[in-house]
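>>> Have a look at this prediction, sequence included:
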Amino acid sequence: MPEETKKIDLSGDGGVLKEILREGTGTETPHNGCTVSLHYTGRLEDGTEFDSSVSRNEPFEFPLGKGNVIKAFDMGVATMKLGERCFLTCAPNYAYGAAGSPPAIPPDATLIFELEMLGWKGEDLSPNQDGSIVRTILETSDKKRSPSDGAFVKAHISGAIEGRVFEERDVEFDYGEGSAINVIEGVEIALEKMNIGETSRLKIQAKYAFGAKGNEEFKIPPNAVVEYTVKLVDCGKGIEEWKLSDNERLDEAKAYKEKGTNYFKKENWALAIKMYNKCKNLLPNTADTNEEVKKVKVATHSNIALCHQKCNDHFEAKQECNAVLALDANNVKALYRRGQCNLTINELEDALEDFQKVIQLEPANKAASNHVLICKQKIKESKNKEKKLYANMFTKLAANDKETEPPRETDVLSKCGEWSEEDAKREAELTLERDNIIMI
């Protein structure tokens, strides 16, 4: 067995001892969240082998630092480099404890594992866990603060594609608003999982980077995968909503509404919608009793509707108008905008009704009057088109019926006179034809 002097005390109390049998390559080691792949052989102190992935010829994979394995495994594997082999001696309290793991492992057993690091995959940070944002931590930090919505963020970012660095800069922004300074979505999503002082390498698929369009300035082709090295230098503390009183929630909501309006003026519709939605979600549920809350809520839904119209998302815009009208049934702006949406999506009768309601409330509203005329004209055109369509259908059906009409039998009584041989022959043929039809 290895000499004690060559063993590294990973736990600080002698509970997890590591001896390197073969040095690994490089300087990187896996971090919590990575999926590691390794071979192991587990033995009791007397040398009895109780388990081995080597004998099964099947590498063992597990997520590091998630508590899926014994404590000693998480501690030891986190220190291993690629290709490294080591012995890991594990005291009972870092293995299976007083209970053991019958029948192979007795109670209070010290275990010795021989490990070989085969490799690891970075941590999947993507919202749908589809591998579109993968993190590898290059420099850890013992600081625990991470950015959250609205928090100040200071970071250093460096983007590369196929080894070519296309941007490197220091950035400062409020978390959730990175796109305002062209920080890609994948970087911002990853920052939320980082601690102050941490440096990570990110592999980001196109949908969270530069998308199907790419980036001409950076010479990024469409649908390209990029890599970013990101260091979180500093960040503030986000809003803790659960601590806010109703008045504080209203104040914070107003601040987000103002941000939304600023982005609207810059024609940044996506961020404007995002800020307005934050405003809406922060508002206390007192719109029925608090006129100020109701006023802000009405304005916010109305502004979101306008943003969606600017983006040609007329179904979404209509839903926001409905939300306004649920709070204020006679809101002229919402009725007019909903009328525009209905007109665009060809809900002509509904559009006409909306514009007529606007005129009832504001008889001098020329824009609504013009739209009433437009609606009526379109409804008339639609009805004429329907009439023409149905007329053509009936004409075709009538023609088809005429083409498929069976030949009529000769009327044997159409001629008066004596019963001739020709008549008799014809009657016989018709009788045979009738018999055949019945048989079929």
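Looks like it came in fine.
>>> can we go C-alpha only for contacts and neighbour counts from here?
OK.
>>> quick one, what contacts the residue nearest to G67 when sequence neighbours are not counted?
Nearest residue to G67 in three dimensions, chain neighbours excluded: D74, at 7.6 Å (CA to CA, 6 or more residues apart in numbering). Applying CA atoms under 8 Å, 6 or more residues apart in numbering, we find D74 in contact with L64, G65, G67.
>>> OK, contacts around the second one?
With contacts taken as CA under 8 Å, 6+ apart, G65 has the following neighbours: H31, N32, G33, D74.
>>> mean confidence score for the lengthiest helix in the chain?
Assignment by DSSP state H gives helix 366-403 as the longest helix of the chain. Summarised as a single mean, pLDDT over helix 366-403 is 83.
>>> Packing partners of that helix?
helix 348-361 (3 or more CA pairs under 8 Å, 6 or more residues apart in numbering; DSSP states H and E).
>>> Check the offset of the helix it packs on from the chain's centre.
Distance of helix 348-361 from the chain centroid (CA atoms, centre = their mean, to the nearest Å) equals 37 Å.
>>> same deal with stretch 311-331?
24 Å.
>>> Same check on stretch 111-119?
How far stretch 111-119 lies from its chain's middle: 37 Å, per CA atoms, centre = their mean.
>>> Show me the contact partners of it.
36-45, 77, 80-92, 95.
>>> Buried ones among these?
Burial by neighbour count, judged by 16 or more other CA atoms under 10 Å, picks out 36-44, 77, 80-92, 95 from the contacts of stretch 111-119.
>>> From the residues you listed, which land in helices?
The members of these that map onto helices under DSSP H are V77.
>>> about what we covered before: for the longest helix of the chain, buried residues please.
A368, S369, H371, V372, I374, C375, K378, I379.
>>> mind listing what the third one touches?
Contact criterion CA under 8 Å, 6+ apart gives L352, F355 as the residues in contact with H371.
>>> Okay, now the unreliable bits of this protein?
Flagging of the chain using pLDDT under 70 yields the residue ranges 1-5, 394, 396-440.
>>> Domain map for it?
As recorded under automatic domain parsing, the domains making up the chain are 4-121, 133-235, 241-376.
>>> Quick one: the ones you listed as a markdown table, columns for distance to K385 too.
Below are the domains of the chain laid out as a markdown table (distance: least, CA to CA, whole Å):
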| stretch | distance to K385 |
| --- | --- |
| domain 4-121 | 61 |
| domain 133-235 | 40 |
| domain 241-376 | 14 |
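>>> Ok, which of the ones you listed comes nearest L389?
domain 241-376 (18.1 Å; CA to CA).
>>> okay, now P102: neighbour count?
8 (other CA atoms under 10 Å).
>>> gap between it and Y40?
According to CA to CA, to the nearest Å, P102 and Y40 sit 19 Å apart.
>>> ok, now V230?
With CA to CA as the criterion, V230 and Y40 are 34 Å apart.
>>> cool, and H301?
For H301 relative to Y40 (CA to CA), the value is 59 Å.
>>> Most neighbours out of the contacts of G65, which is it?
Taking other CA under 10 Å as the neighbour criterion, H31 ranks highest of the contacts of G65 with 25 neighbours.
>>> Please, where are all the strands along this structure?
In the chain, the segments counted as strands under DSSP state E are 8-9, 16-22, 35-44, 49-52, 60-63, 85-90, 111-121, 123-124, 133-139, 152-161, 164-174, 199-204, 226-235.
>>> and of these, who's closest to L282?
Proximity to L282 (CA to CA) singles out strand 164-174 among the strands of the chain, at 17.0 Å.
>>> Please name the strands paired to that closest one in the sheet, noting orientation.
Using DSSP bridges, the strands paired with strand 164-174 in its sheet are strand 152-161 (antiparallel).
>>> right, and G211 touches V226 too?
No - judged on CA atoms under 8 Å, G211 makes no contact with V226 at a distance of 10.7 Å.
>>> Which one of these two is surrounded by more residues?
More crowded of G211 and V226, by other CA under 10 Å: V226, with 23 against 16.
>>> Please look at that one and G163 and confirm they touch.
No - using CA under 8 Å, V226 and G163 do not qualify as a contacting pair, with a distance of 9.5 Å.
>>> What is the end-to-end distance of stretch 161-181?
Stretch 161-181 has an end-to-end distance of 20 Å (criterion: CA to CA).
>>> oh sorry, the question was meant for stretch 171-180
Taking CA to CA as the measure, stretch 171-180 stretches 11 Å from start to finish.
>>> In that stretch, which residues are buried?
For stretch 171-180, a neighbour-count test (16+ other CA under 10 Å) marks V171, E172, F173, D174, Y175, G176, E177, G178 as buried.
>>> Please tell me I have it right and the last one contacts E188.
When you say that, I think you mean G178. Yes - here G178 reaches E188: they are 6.6 Å apart, a contact under CA under 8 Å.
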